[in-house]
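K.L.:
need a 3D model of the following:
(chains A and B)
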Amino acid sequence: MKTPGTIDELLAADDIDAGCAAGFEVLHRYVETELAGGDAAHALPGVAAHLRRCPACREDYLGLLDAVRRFGNDPSPA
Amino acid sequence: MSATPRSGMDEASRTWVDCLRASGTRHEECLAQLHALLLRVARHEAVRRIGSLAIGGPELDDIAQQAADDALMAIRAKVADFRGESRFTTWAYRFVVFEVSTKIGRHFWRHRPTAMDEDSWERLPDPIPLLPEHRAELREVLTALRRAIDEDLTAHQRRVFVAVALNEVPMDAFAREIGSNRNAVYKTLFDARRRLRASLAAAGYARPTSAAESI
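P.N.:
Now for the predicted structure:
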C-alpha cells in the first residue's frame, strides 16, 4: 500500500502532461537531450510532466537512460 | 549503404537503417546483429526491473528473449518512421525497454499476488507527529477524500485509482489484468485525480496539502 508524501502529490494531474503514447514517441529525444547535458524538461515539458506522474513511463525512461549509457556505443553493422 | 544522406542522421544510424532495408545476406546479418544487441539490453533491463519479484534465471531469460523478439518485430515495422532525431540505437532501445516492462507485467500476479485493497485509506499509517489541531485537519481531509473516492469516481476510475495510486500495482500488470493498455489506464488515473481534486476543492479543501502537509 502506498504511503504518499502528500495528498497533493497523490492527486497531481498536470494540464501539460503528454500521456504515455505521446511520451513514448519522443522518449529517445528526451533521453539524448539529457545525456548531452541539455535541458530535456525545457525542450519537452509535456514529457517531463508525464514522467513525474506516470510510474510505468518513468521506469521506461530510467531503463532507456541506463541502456543508452551502457550499450549506446555498441558497434553498428559493417 | 545508400548514397542518399538523410538529414541529421549520424553515420552509424544510417548504416543500421540501410542494412535493415537491404535484402539478402546483409539484411539477415543485420537482423541477427540487432537482435543480439536487443537481447543484451533486454537481459540487463529485466535484471534491473525484477526487484522483489521472485523471477529465476530461466524465466528471466525467457522474458528477455520474448522482449528482444517483439522489439525487433516492432523496429522492423517502424524503421521507416526513424528520422534521425537521435541515434538509431537510442530510438530502438525504447522498444525493447517497453517490451521488458510488459513481459514482466505478465508475471506480476503470479509472483506478487496483491489483492485490491479497497480500504487502503482506512489503514494508512499514522502520519509523522503533528500538532493535535493539524491531526484533526488531516483527518478531515482524509475523510473528504475517502468520500470522494467512494462517491465521485466511476467504478472504473475507483478501481484504477485504488490499484495504481494506492496499492502501487504496476500499470502494465494492471492493464493486462483488465484487458486494457498502459495509455488507457493512465488516462483513467489522470481523470480520477482531477475529479478528486475538484471534489476536495468543492468541499472547501482547495489546497488539500495545506491541511495535510505530510501523511
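
K.L.:
C-alpha from now on. contacts and neighbour counts both.
P.N.:
Will do.

K.L.:
can you give me the helices for the chain?
P.N.:
Since no chain was named, I'll use chain A. Ranges of helices within chain A are A:7-10, A:20-35, A:40-43, A:45-53, A:55-71, based on DSSP state H.

K.L.:
hmm, I had chain B in mind actually
P.N.:
Counting by DSSP H, the helices of chain B are B:11-21, B:24-50, B:57-78, B:88-111, B:132-151, B:155-160, B:171-177, B:182-202, B:208-211.

K.L.:
tell me the buried residues in the helix-or-strand element of chain A with minimal mean pLDDT?
P.N.:
Ranked by mean pLDDT, DSSP states H and E, the helix or strand of chain A with the weakest confidence is helix A:7-10, at a mean of 84. Burial within helix A:7-10, assessed by neighbour count using 16 or more other CA atoms under 10 Å in any protein chain shown, is assigned to A:7-8, A:10.

K.L.:
re the thing from before, can you tell me which of the helices of chain B is packed in deepest?
P.N.:
helix B:88-111 (a mean of 22; mean count of other CA atoms under 10 Å in any protein chain shown).

K.L.:
for it, packing partners?
P.N.:
Helix B:88-111 makes packing contacts with helix A:20-35, helix A:55-71, helix B:11-21, helix B:24-50, helix B:57-78, helix B:171-177 when contacts are defined by 3 or more CA pairs under 8 Å, 6 or more residues apart in numbering or on different chains; DSSP states H and E.

K.L.:
sorry, back to before: ok, and which of the buried residues of helix A:7-10 reach chain B?
P.N.:
With CA under 8 Å from any CA of the partner chain as the criterion, these include A:7-8, A:10 near chain B.

K.L.:
and stretch A:29-37, what's buried?
P.N.:
In stretch A:29-37, counting by 16+ other CA under 10 Å, buried: A:29-33.

K.L.:
list the contacts of B:Lys78.
P.N.:
Counting by CA atoms under 8 Å, 6 or more residues apart in numbering or on different chains, B:Lys78 touches no other residue.

K.L.:
ok, 10 Å please
P.N.:
Neighbouring residues of B:Lys78 by CA atoms under 10 Å, 6 or more residues apart in numbering or on different chains: B:72, B:92.

K.L.:
so how far is A:His50 from B:Gln157?
P.N.:
Distance, B:Gln157 to A:His50, using CA to CA, to the nearest Å: 19 Å.

K.L.:
got it, and B:Gly57?
P.N.:
Taking CA to CA, one finds B:Gly57 at 33 Å from A:His50.

K.L.:
what does B:Ile63 give?
P.N.:
Separation of B:Ile63 from A:His50 (CA to CA): 27 Å.

K.L.:
what residue, apart from its backbone neighbours, is nearest B:Val169 spatially?
P.N.:
Nearest residue to B:Val169 in three dimensions, chain neighbours excluded: B:Ala163, at 5.6 Å (CA to CA, 6 or more residues apart in numbering or on different chains).

K.L.:
hmm, the one you found is touching B:Met171, no?
P.N.:
Yes - counting by CA atoms under 10 Å, B:Ala163 touches B:Met171, with 8.7 Å between them.

K.L.:
sorry, back to before: weakest of the helices of chain B in terms of mean pLDDT?
P.N.:
If you rank the helices of chain B by mean pLDDT, helix B:208-211 sits at the bottom with a mean of 38.

K.L.:
which residues are contacting stretch A:39-50?
P.N.:
Against stretch A:39-50 from outside (CA under 10 Å, 6+ apart): A:13-20, A:22-27, A:29-34, A:51, A:57-58, B:186.

K.L.:
let me see the mean pLDDT of it.
P.N.:
97.

K.L.:
pull out the buried residues from it.
P.N.:
Applying 16+ other CA under 10 Å to stretch A:39-50 flags A:40, A:44-50 as buried.

K.L.:
identify the residue spatially nearest to residue 50, adjacent ones excluded.
P.N.:
Looking at chain A here, since you left the chain open. The nearest residue in space to A:His50 (CA to CA, 6+ apart) is A:Asp17, at 4.8 Å.

K.L.:
my bad, chain B
P.N.:
B:Ile104 (7.6 Å).
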